[in-house]
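Participant: generate a structure from the sequence data that follows.
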Amino acid sequence: MSEIIKNVFVSHHHKDDASVDGLANILSGKNYQIRNSSIRAKPENQNRLDQKKVSDRTIERLLRMKMRWASQVVVIIGSQTHTRPWVEWEIKVAHQLGKPIIGVFENGLKEKVPLPENLEKYATSIVGWRADSVIDALEGKSQFQNPDGSSRAKTTGRNIVC
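Facilitator: From the prediction side, this is the model:
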């Protein structure tokens, strides 16, 4: 079986960086590779960001560029993701760019957590941490799950290019 490769942008809270690697790992076990264009700041760059030495406008321009390259946007959903302004912004811009938006609950998340507001509005799929569910969502099979993989109500998600 040949390997499938998808270009994605992974939106996540920087404290959930390990989940980005974990997602790539569970998919690679199914001969599915994701090439991630998101920003993962090295500690020295994170300090520059925290100290506001890089303007928000510069960050926005870079993120838009990286999202345009991707065919889809994956949002890693952790317990604090809904509090992250940049994640909300990335989801909104992905929607404006007409990108499918797939929420993936973090590995080990047992209980329901609040979702980012824009993910509730624009998600095309929200799935648990299971390779088959993530692959189905990346392949366009819309589904909505709780962290444990059980079905949940569909969000109002849709793709509209503005």
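
Participant: mind checking how far the longest helix along the chain is from the chain centre?
Facilitator: Ordering each helix of the chain by length in residues (DSSP state H) puts helix 56-69 first. Relative to the chain's own centre, helix 56-69 is displaced by 15 Å; criterion: CA atoms, centre = their mean, to the nearest Å.

Participant: just checking, next helix/strand downstream of that helix?
Facilitator: Downstream of helix 56-69, the next assigned helix or strand under DSSP states H and E is strand 72-77.

Participant: with only the CA atoms kept, save the very next helix or strand once past that following strand in PDB.
Facilitator: Using DSSP H and E, the helix or strand that follows strand 72-77 in sequence is helix 85-96. Extracted C-alpha coordinates of helix 85-96, given in PDB (Å, rounded to 0.1, in the frame of the first residue of the first chain):
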ATOM      1  CA  PRO A  85      -7.000  33.800  20.900                       C
ATOM      2  CA  TRP A  86      -4.600  32.800  18.200                       C
ATOM      3  CA  VAL A  87      -6.400  29.400  17.800                       C
ATOM      4  CA  GLU A  88      -9.700  31.300  17.400                       C
ATOM      5  CA  TRP A  89      -8.100  33.600  14.900                       C
ATOM      6  CA  GLU A  90      -6.600  30.700  12.900                       C
ATOM      7  CA  ILE A  91      -9.900  28.900  12.700                       C
ATOM      8  CA  LYS A  92     -11.700  32.100  11.500                       C
ATOM      9  CA  VAL A  93      -9.100  32.700   8.800                       C
ATOM     10  CA  ALA A  94      -9.100  29.100   7.700                       C
ATOM     11  CA  HIS A  95     -12.900  29.400   7.300                       C
ATOM     12  CA  GLN A  96     -12.400  32.600   5.200                       C
END
